[in-house]
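> Task: produce atomic coordinates for the following.
(chains A and B)
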Number of protein chains: 2
Amino acid sequence: MTATDTYLLLRAFCDELSRCGLRHACTSPGSRCTPIVLSLVRHPEIRCWSHLDERCGGFFALGAAKASGSPVAVTCTSGTAAANLAPAVTEAYQARVPLIILTADRPAELRDVGAGQTIDQLKIYGAAVKWFFELELADPTEERLRWIRGLACRVYWTTLDGRPGPVHVNVPLRDPLTLSEELPEDRGGRAGGRPWVERIRAAPGSPTGRTRLPARGVVVAGRYERDLELGPAVAMFAEHAGFPLLAAPLSGARRGPAAIAHYDALLRDEALYAQLPPELVIRIGDLPTSKPLRAWLASLRDTPQIALDPEGAWQDPSGALTAVDRGDPASVLAALTPDTPEDPDWLAAWRAADDAAEHVIVQTLGEDLSEPLVARVLAEWLPAEATMFVASSMPIRDVELFCGARELAPRMLSNRGANGIDGTVSSAFGVAAVACGPTVLLTGDVALVHDLAGLLAARRLGLRLVVVLLNNDGGGIFHFLPVADERDAFEEHVATPHGLDFEKAAEMFGCDYAQPGGLRELRTILDDALAAERTTVIEIRTDRAENLALHRRVAAAVQRALANPQGPEAAPRA
Amino acid sequence: MTATDTYLLLRAFCDELSRCGLRHACTSPGSRCTPIVLSLVRHPEIRCWSHLDERCGGFFALGAAKASGSPVAVTCTSGTAAANLAPAVTEAYQARVPLIILTADRPAELRDVGAGQTIDQLKIYGAAVKWFFELELADPTEERLRWIRGLACRVYWTTLDGRPGPVHVNVPLRDPLTLSEELPEDRGGRAGGRPWVERIRAAPGSPTGRTRLPARGVVVAGRYERDLELGPAVAMFAEHAGFPLLAAPLSGARRGPAAIAHYDALLRDEALYAQLPPELVIRIGDLPTSKPLRAWLASLRDTPQIALDPEGAWQDPSGALTAVDRGDPASVLAALTPDTPEDPDWLAAWRAADDAAEHVIVQTLGEDLSEPLVARVLAEWLPAEATMFVASSMPIRDVELFCGARELAPRMLSNRGANGIDGTVSSAFGVAAVACGPTVLLTGDVALVHDLAGLLAARRLGLRLVVVLLNNDGGGIFHFLPVADERDAFEEHVATPHGLDFEKAAEMFGCDYAQPGGLRELRTILDDALAAERTTVIEIRTDRAENLALHRRVAAAVQRALANPQGPEAAPRA
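Purely as a prediction, here's the structure:
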């Protein structure tokens, strides 16, 4: 095996990835990975993004794959470099995002003998990948070049087929790692730029037709990031069926006259939801985060609940589901859609309650900058072509709780496979790398600190992101939990204030920075940032205890309004 | 199971870890981990260190365990938090560092059903831990409390026994996660604070006596961090036997009249080493990094080479070893030590060559601040009670190549299990947390960027570290490799310059900062930093291309001096 042999095989491999559709790859510095990096960089159709930290590279790829709906490759050198990809690989597995992980490794004779940067990389991601393959390279005979072309197709299609997710290919490489001669022209692939093995997807099967719609159904829609058309289709179905649509923002379905945006606030009211018992629950996508929603679904013991779950995601922590339909959700819904609602009062009752909640929320939040208000106005202000990447922890909850329904809302994405705060900045930059419109990250300070060096992408990769930072100097979400009363450990080990000055961070990473004094100024700054050529950090300082109190005030005000529909604050209750 | 039951079991578990010797634990924010965090924090003998980023926490624990020689615990919440510990766990496994990883998890009924922050944590670290245990907690009967006390001892001792390394305990936890009542006093442990199960170590067996010393032997000593007394013992043996001691700084044995510090430079000279063929090679600790040394050992085909390797580390990438002695190295060497050298000329010849190299190195480096000179003077200036943590990549090589032998040298530590640059800052802070004297980190800029947020420990944990930063704006080591000629990808994807201003970084993380203009100023700044109450970043700007040229000049000058021992530069050659 010469270096030429190695490069011939890897070029064929990368060429097939590209023929299948690969357009983006992430690299990180190293020596052993040289043949993989150069093969990717030299492919004219693959754009390579360089990262110093593999953990950032992994999350960047995740964000790009999420936003584009297509697999993205990540390569790294041997050793703990591969272990640094584990968080992104795990999130990709949980969130069902297609990633192709290409780790360089030492060959057999240099393993477990004290050679540098050598760890056991076989199946290093354990159960968090769909497929692992040890890509031992031997002489590039014609048969072997055909084999590796087919293998690349298999790697690519496997990330997408069935339940999408990451595939790990480990590549042992021997010295020399660079070429001493030019490669001959590549004539190995199929004619016309087709992949060696094409993927012909089955048409969606006919819907089973087993579900009969009652008069009073409810649709619950959660994260479903890949199919941009499903959200509007769900909204259309709900409208025609006259079913309230409890849609998390990540579903893309919080729109249309059936959308019930404030289900979290409404479903805290046991009296209300006792009055509105559904006869059927149809669930699409992941289960929304809202605890009251989850508790309510669990309480509906005798109500049929059906999940449209073609990927077998099995989102059902409280064991409430009565059926799982593995059919394509859009097709199933289309087949079920009635001409007109059977009971228009049913949706009207929910609609009235939601409108009342919306009214109270607007009034209670007022115009003072707060975490809920910022989440709300971002979703309201951003154009439809924008993508809003929302960090886990409080931001995703505030977006779910406070954002209203909107027809042309920005696309929302979030790392909700494992719900970690790690890799947030890098994921958002990955989105920005492939998104057509502007990308806005809504994040808390702990998530930003966790991936602070992710901001390097602003200058190194020339990417633009608007970072809206809700800085309450610590983990605000923990104030909502009983642990907040454990005074001996809470601040130091749970809330973990850090006192960082993010203006200095912005300066260090070459980002613009602004701190709006009020709502109107936030709007101006945001508009400027959306038009700017550089990444901007917009910091809003908040207080953890006040934030808790505000959330409680809003919840109480909604409860009062629902209990007292004739009150001056509320819209009429059904 | 009530919360009280959970806490009774975890208190007993943590109490036994403490009785075995646990003194330090790292926490990170989360909800599911609350019972573990509170049980650790509330144990009076365990000091808990809080980290926002689990990756930092893991490496901090690694550094503390390395420097103290005792196991350190790390806990984290469920989800990708656990995946972020993978790099440190992997390094700990490779470098044989005792760590106790305690991951919180969701219980069975909340796994794989869409509950938040839930991933498959069973055996998540794969082959990188010595033992995995799923710690399902049931009612705290007397028998079960005894069982968990014994289990904690087993966890602790397993990290240390045989080949040391990490142990992973996964702890599924059910709500509620906080106590509603005070725990009764703990009377469960053995009397007198003894652990439930003590560990009685076998005395070192008698040395085999199978090795007979020839007149002309060589000792090669590499990383051996745990036993501070072994380095001096090796130096003493080499002196008595009259064997040149080729000792890497991480061996603690680069001292005494037998120490050959510049073996890397000497062994590039084939003519020289053909003149100095050893009759025996004795190897202790890991194999040093030096490529010429490794090549030379591989070339000694007919020379017996014996490794004193009680842990089965099997450090032998070129298949040069002829025997492995599993006995305790100090005992084996003590039994072998002769009264006087059989052939004093043998060591004298090596000594002369090494002195010549030392002389040339001093002359060639001069007094201009350069990467090699800074590595050299740090090891020369720092007091014996200091610990010098050396980053992987160039710094560890410069220390190996350029530092002279010294009797009371600072202790040197480095992450050389997998040789990664990740977690460098956090590892050094972990050392600083337990070391008696000052801790100095010698790092390149890419390693610093990779763990930049590790600097949070300076202010949040009130720790002092002197960071000596060799900033050549990228990965200088890659200039030494053939990939440097691959112009289309080298700068962007391999060298990866980042243009960061580290003065701003220092300011952001509340560290002092200085940039010395020359050698004398470096000394003053270093002395001030060693006496300061805060962490200091001392930045030395260098140039990657000039650094390569300087290394080449030194190597050439040493070669010239050895070839021409009568030359004006060199000490006389044997």
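
> Surely A:Leu173 is in contact with A:Thr103?
No: using CB atoms under 8 Å, A:Leu173 is not in contact with A:Thr103; the gap is 10.4 Å. For the C-beta atoms, the positions are set from N, CA and C on the backbone; glycine is no exception.

> Give me the more crowded residue out of the two.
Between A:Leu173 and A:Thr103, A:Thr103 has the larger neighbour count (other CB atoms under 10 Å in any protein chain shown), namely 27 against 24.

> where does the more buried one fall, helix, sheet strand or coil?
Of the three states, A:Thr103 takes strand under DSSP: H, G, I helix; E, B strand; the rest coil.

> which parts of the stretch 201-350 of chain A sit against chain B?
Contacts of the stretch 201-350 of chain A with chain B, taken as CB under 8 Å from any CB of the partner chain, map to A:286-287, A:289, A:313-317, A:319.

> Tell me the buried residues within these.
In those, burial by neighbour count holds for A:286-287, A:289, A:313, A:315-317, counting by 16 or more other CB atoms under 10 Å in any protein chain shown.

> out of the residues you listed, who's nearest chain B?
Proximity of those to chain B was ranked by CB to the nearest CB; the top entry is A:Gln315 with 3.1 Å.

> so which helix or strand takes in the closest one?
Using DSSP states H and E, A:Gln315 falls within no helix or strand.

> on that earlier part again, need the buried ones among the residues of the stretch 201-350 of chain A next to chain B in JSON lines with secondary structure, can you?
Shown next, in JSON lines, are those (three-state DSSP):
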{"residue": "A:Asp286", "secondary structure": "coil"}
{"residue": "A:Leu287", "secondary structure": "coil"}
{"residue": "A:Thr289", "secondary structure": "coil"}
{"residue": "A:Ala313", "secondary structure": "coil"}
{"residue": "A:Gln315", "secondary structure": "coil"}
{"residue": "A:Asp316", "secondary structure": "coil"}
{"residue": "A:Pro317", "secondary structure": "coil"}
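
> Of those, just say which sits nearest to A:Asp451.
Proximity to A:Asp451 was ranked across these by CB to CB; first place goes to A:Thr289, at 20.6 Å.

> quick one, what contacts the closest one?
A:248, A:396-397, A:400, A:416, B:116 (CB atoms under 8 Å, 6 or more residues apart in numbering or on different chains).

> Count the neighbours of A:Pro257 for me.
With other CB under 10 Å as criterion, A:Pro257 counts 12.

> Count the neighbours of the residue lying closest to it once chain neighbours are set aside for me.
Leaving aside its chain neighbours, A:Pro257 sits nearest to A:Glu239 (5.6 Å; criterion: CB to CB, 6 or more residues apart in numbering or on different chains). Using other CB under 10 Å, A:Glu239 is surrounded by 18 other residues.

> thought A:Glu239 was touching A:Ala253?
No: checked against CB under 8 Å, the pair A:Glu239 and A:Ala253 is beyond contact range at 10.9 Å.

> What is the helix or strand that contains the residue nearest to A:Pro257 packed up against?
Per DSSP H and E, A:Glu239 falls inside helix A:230-241. In terms of contacts (3 or more CB pairs under 8 Å, 6 or more residues apart in numbering or on different chains; DSSP states H and E), helix A:230-241 is packed against strand A:217-221, strand A:245-247, helix A:329-336.

> any idea which of those is most buried?
strand A:245-247 (a mean of 31; mean count of other CB atoms under 10 Å in any protein chain shown).

> what does it contact?
Contacts of strand A:245-247 (CB under 8 Å, 6+ apart): A:218-221, A:231, A:234-235, A:238, A:253-256, A:258-261, A:263, A:288, A:293, A:405.

> do that again at 7 Å, thanks
Under the contact criterion CB atoms under 7 Å, 6 or more residues apart in numbering or on different chains, strand A:245-247 has outside partners A:218-221, A:234-235, A:238, A:253-254, A:258-260, A:263, A:293.

> quick one on the thing from earlier: dump the contacts of A:Thr289 to a markdown table, plus neighbour count.
Output for the contacts of A:Thr289, formatted as a markdown table (neighbours: other CB atoms under 10 Å in any protein chain shown):
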| residue | neighbour count |
| --- | --- |
| A:Ala248 | 30 |
| A:Ile396 | 25 |
| A:Arg397 | 21 |
| A:Glu400 | 26 |
| A:Arg416 | 25 |
| B:Gly116 | 19 |
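
> Could you list the low-pLDDT ranges of chain A?
Low-confidence segments of chain A, defined by pLDDT under 70: A:206-210, A:566-574.

> how's it carved up into domains?
Taking automatic domain parsing as the domain assignment, the ranges for chain A are A:3-174, A:217-343, A:371-541.

> quick one: the helices in the stretch 151-300 of chain A?
Per DSSP state H, counting those that start in this stretch, the stretch 151-300 of chain A carries helices over the ranges A:230-241, A:263-266, A:270-275, A:291-299.

> among the ones you listed, which is nearest A:Glu503?
Using CB to CB, these put helix A:263-266 closest to A:Glu503, at 33.8 Å.

> Okay, buried residues for stretch A:188-206 please.
Here stretch A:188-206 shows A:188-189, A:195-197 as buried, counting by 16+ other CB under 10 Å.

> Wait, a strand at A:Gln94?
No: using three-state DSSP, the secondary structure at A:Gln94 is helix, not a strand.

> ok, and the closest non-adjacent residue to it?
Closest residue in space to A:Gln94, ignoring its immediate chain neighbours: A:Gly417 at 2.9 Å, by CB to CB, 6+ apart.

> So what does A:Ala73 look like in phi/psi?
When quoted as degrees, to the nearest 10, the phi and psi of A:Ala73 stand at phi -100, psi 150.

> Pull the contacting residues for it.
Residues near A:Ala73 by CB under 7 Å, 6+ apart: A:17, A:22, A:25, A:40, A:100, A:102.

> between these, which is closest to chain B?
Nearest to chain B among the contacts of A:Ala73 is A:Leu40, at 8.8 Å by CB to the nearest CB.

> helix/strand/coil for the closest one?
With three-state DSSP as the basis, A:Leu40 sits in helix.

> ok, A:Glu109 - how many residues close by?
Using other CB under 10 Å: A:Glu109 sits among 12 other residues.

> Repeat that for A:Val74.
Neighbours of A:Val74 (other CB under 10 Å): 31.

> give me phi/psi at the nearest residue to A:Gly366 once chain neighbours are set aside?
Computed as CB to CB, 6+ apart, the closest residue to A:Gly366 that is not its neighbour in sequence is A:Leu373, at 7.7 Å. When read as degrees, to the nearest 10, the backbone of A:Leu373 gives phi -60, psi -40.

> where's A:Leu373 relative to A:Leu470, distance?
Distance of A:Leu373 to A:Leu470, given as CB to CB, to the nearest Å: 10 Å.

> And for A:Gln117?
In this view, A:Gln117 and A:Leu470 are 39 Å apart by CB to CB.

> ok, A:Leu321 touching A:Gln305?
Yes: the criterion here is CB atoms under 7 Å, and A:Leu321 meets it with A:Gln305 at 5.1 Å.

> Can you pick out the residue with more neighbours from the two?
Taking neighbours as other CB under 10 Å, A:Leu321 and A:Gln305 compare with A:Gln305 leading, 21 against 18.

> Fine, thanks again, bye for now.
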